[in-house]
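In: Predicted model and sequence below, questions to follow.
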Amino acid sequence: MPPLILSTYELGHQPHLAALVAGVLRDGHVDYEVLDLSVDPDLKAFDRYILENDLRQPRIFIDTAVFTVGMLTSAMLFRDILVHLEKHLGEVKTLIIYGLYAHEVAVEASKISYGNLIVRATPTMKEIAEDLGVQNVTTTKKYSPAREKLPPLTRYKTVITKGVEKVTGYSETSTGCRHRCLHCPLPIYFNGRVAVNPIEEILSDIETQVLQGATHITLGDPDFFNAPIHAMKVAKAIKTRFSDLSFDCTIKIEHLLKHRAYLSELGETGCSYITSAVESLSDEILINLAKGHKSSDVDIALEMVDNAGIDFHPSFVPFTPWTTLEDFEEILIFAYRNSMERTLEPVQLAIKLLVPSNSLLLKSPEFLKFKTSYDIETFSYLWTYRDHRVDKLQKAIEAEVAKGQLYGDPFEDTFFAIWSITEEYLGRSITVPERNQRRAQSVKSSEAWFCCAEPTSSQRLIGQ
Ligand code: SF4
């Protein structure tokens, strides 16, 4: 029985970690199967692993399973898989769990029976080969995702620009992160380390996806400017090799300011939007998260990105122990002022601070004042709000976002519903700001969800 690679959610794109595991197996000439439940959310897919010697008690048996677990959404969906396997007396001879939430899912794995258990948050290619017993891969490339057995790119997220919907691929130019933002799971494992992928191998991965129809690529590095010289070489090489291809990347505010000299060239190479973790517009919260930027830096970064002809996409963690109603109001005003209500995924306005079991926040005196118990359901420490009205506001917004997601409401409808809810909590109107002039073409992603949000009932793999 070939190893089975399982993925549940990777931000709407073709699963990258699954592709990396598949690449090691392909390069080692080992057969494998891949199941991506984000596009085929049917647990009946496991029925073919049922041993039929005793139909009164169907038993699922899998030789080797590799769970690739990115963030919270993915981890919670793996819980559904484990419950399904448990129902069918699931047994896995070798269970391998990879990804930032691997340790959390490993605790849950006791629901099923397994022989060997291997858990790695950030596996290297060499470790993957060793774990899977793949021989003769010493010549394996450093970066060699295999995508041939994954569902086609047309089944994944698209980006829409100038009314054109673009088939979107995914690649990474580097691994790890130089920074230590306290709320992020990456520094727990990378501790400031970054490794770059070889440019030819990145281009080869992109070429594979272009041949499958991709006209846009998400370069999903944790931060594209962790290695800015390398990043710019990749961007220029993309422009040279695939002149019509657009791409997006993620760059923190601090890096946008520090490496501003690169931005116009980045726009010229085809970068159509940059996601940047604004998180909050409160300096107190930004300090408590050790984000490395101030609230006033955000407007400067946005203007520079916009001037380079690149659309600026903020991400937020609006709800933290320290959030006030006015902090949330500031985020709405910022989004409106910059005409983002049609492109800002409403889920961004509902995100709560996650504190997994090994979070750096657990060493922060400012956080410890609010910490309560560990919640197995969300794999996170719970915490209280300094202002308890914010707790109710978050719940009301979360419900509104889930409703909008369920009915497929336009983002702007949910945005203005959230605006009204916030006014109710504030007990006054929010002053409508003047709009800023935006130069860049707005770009919208079809993926409305985010990796550190709990999955909605429509995403769950078993009924809620
Ligand atoms: S939030 Fe971004 S910049 Fe900060 S540690 Fe995580 S990946 Fe790095």
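Out: Received, thanks. Owing to the predicted nature of the structure, the values given are computational and were not obtained by experimental measurement. Numbers count the residues shown, from 1 in each chain.
In: hey, let's count contacts and neighbours off CA atoms from now on
Out: Will do.
In: pretty sure Tyr114 is in contact with Ile96, am I right?
Out: No. Counting by Cα atoms under 8 Å, Ile96 is not a contact partner of Tyr114; they are 10.1 Å apart.
In: Quickly find the element holding Tyr381.
Out: strand 380-383 (DSSP states H and E).
In: what ranges do the strands span in the stretch 301-450 of the chain?
Out: Assigned by DSSP state E, counting those that start in this stretch, the stretch 301-450 of the chain shows strands spanning 311-316, 371-375, 380-383, 443-445.
In: Tell me the helices and strands packed up against the last one.
Out: Judged by 3 or more Cα pairs under 8 Å, 6 or more residues apart in numbering; DSSP states H and E, the packing partners of strand 443-445 are strand 158-161.
In: Can you list the strands that the very next helix or strand once past the strand it packs on pairs with?
Out: Next in sequence after strand 158-161, counting helices and strands by DSSP H and E, comes strand 164-171. Sheet pairing here is set by DSSP bridges, and for strand 164-171 it gives strand 158-161 (antiparallel), strand 216-219 (parallel).
In: So which residues make contact with the helix or strand following strand 164-171?
Out: Next along the chain after strand 164-171, taking DSSP H and E as the criterion, comes strand 174-176. Strand 174-176 has contacts (Cα atoms under 8 Å, 6 or more residues apart in numbering) with 186-187, 190, 192-197, 221-222, 224, 227.
In: hmm, stretch 172-182 in reach of the ligand?
Out: Yes. Judged by Cα under 6 Å from any ligand atom, stretch 172-182 and the ligand are in contact via 177, 179-181.
In: out of those, which are buried?
Out: For the residues of stretch 172-182 next to the ligand, a neighbour count by 16 or more other Cα atoms under 10 Å gives the buried set as 177, 179-181.
In: quick one: Val317 and Glu265, what's the gap?
Out: Going from Val317 to Glu265 by Cα to Cα, to the nearest Å gives 30 Å.
In: Kindly apply the preceding question to Val164 instead.
Out: Taken as Cα to Cα, the span from Val164 to Glu265 is 23 Å.
In: And for Leu153?
Out: In terms of Cα to Cα, Leu153 sits 28 Å off from Glu265.
In: Looking at those two now, which is surrounded by more residues?
Out: Shown here are Leu153 and Glu265; by other Cα atoms under 10 Å, Leu153 has more neighbours (20 against 14).
In: per-residue confidence at the more buried one?
Out: Looking at Leu153, its pLDDT stands at 97.
In: Give the full set of residues in contact with Ser272.
Out: Contacts of Ser272 by Cα under 8 Å, 6+ apart are 246-248, 309-311, 441, 443.
In: Show the buried residues in these.
Out: 246-248, 309-311, 443.
In: quick one: the residue lying closest to Gly309 once chain neighbours are set aside and the ligand, what's the gap?
Out: The shortest distance from Gly309 to any non-neighbouring residue, by Cα to Cα, 6 or more residues apart in numbering, is to Ala440 (4.3 Å). According to Cα to the nearest ligand atom, to the nearest Å, Ala440 stands 24 Å off from the ligand.
In: Could you show which parts of the stretch 251-400 of the chain are in contact with the ligand?
Out: Lys252.
In: Which part of the stretch 251-400 of the chain gets nearest to the ligand, residue-wise?
Out: Going by Cα to the nearest ligand atom, the ligand is nearest to Lys252 of the stretch 251-400 of the chain, at 5.9 Å.
In: for that residue, what are its contacts?
Out: 223, 276-278 are the contacts of Lys252 under Cα under 8 Å, 6+ apart.
In: any idea how far Gly12 is from it?
Out: Distance from Lys252 to Gly12, by Cα to Cα: 21 Å.
In: just Arg79 next, same as before
Out: On the measure of Cα to Cα, Arg79 and Gly12 end up 19 Å apart.
In: count of residues packed around Glu447?
Out: 14.
In: Quick check: pLDDT value at it.
Out: In this prediction Glu447 is given a pLDDT of 80.
In: Can you tell me how far it is from the ligand?
Out: 20 Å.
In: wait, what's in contact with that residue?
Out: Taking Cα under 8 Å, 6+ apart as the test, what Glu447 contacts is 11-12, 157-158.
In: For ChimeraX, write the select line for the buried members of those residues.
Out: Buried members of the contacts of Glu447, defined by 16+ other Cα under 10 Å, are picked up in ChimeraX with:
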select :11,12,157,158
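In: what pairs with the strand holding Tyr381, and is each one parallel or antiparallel?
Out: Strand 380-383 has these strand partners (DSSP bridges): strand 371-375 (antiparallel).
In: Strand partners (parallel or antiparallel) of the helix-or-strand element of the chain with minimal mean pLDDT?
Out: None of the helices or strands of the chain scores lower by mean pLDDT, DSSP states H and E than strand 50-51, at a mean of 84. Next to strand 50-51 in the sheet, as set by DSSP bridges, lie strand 59-68 (antiparallel).
In: Could you point out the helix or strand that follows the strand it pairs with?
Out: Following strand 59-68 in sequence, per DSSP H and E, is helix 72-87.
In: Let me see the mean pLDDT of that next one.
Out: Rounded mean pLDDT across helix 72-87 is 92.
In: do the same with stretch 135-145
Out: 76.
In: for stretch 321-333, same thing?
Out: pLDDT averaged over stretch 321-333 gives 98.
In: list the buried ones in that stretch?
Out: Going by 16+ other Cα under 10 Å, stretch 321-333 has these buried residues: 321-325, 327-333.
In: what do you get for stretch 370-381?
Out: By 16+ other Cα under 10 Å, the buried positions in stretch 370-381 come out as 371, 378-381.
In: And stretch 393-409, by the same measure?
Out: 393-394, 397-398, 400-402, 404-405.
In: and of those residues, the nearest to Gly169?
Out: Checking the buried residues of stretch 393-409 against Gly169 with Cα to Cα, the nearest one is Gln405 at 23.3 Å.
In: Which secondary structure elements does the helix ranked longest in the chain sit against?
Out: As assigned by DSSP state H, the longest helix anywhere in the chain is helix 388-407. Applying 3+ Cα pairs under 8 Å, 6+ apart, one finds that helix 388-407 makes contact with helix 411-426.
In: and the helix it packs on with helix 388-407, angle?
Out: Helix 411-426 and helix 388-407 are oriented at 160 degrees to each other (axes from the mean of the first three to the mean of the last three Cα atoms, to 10 degrees).
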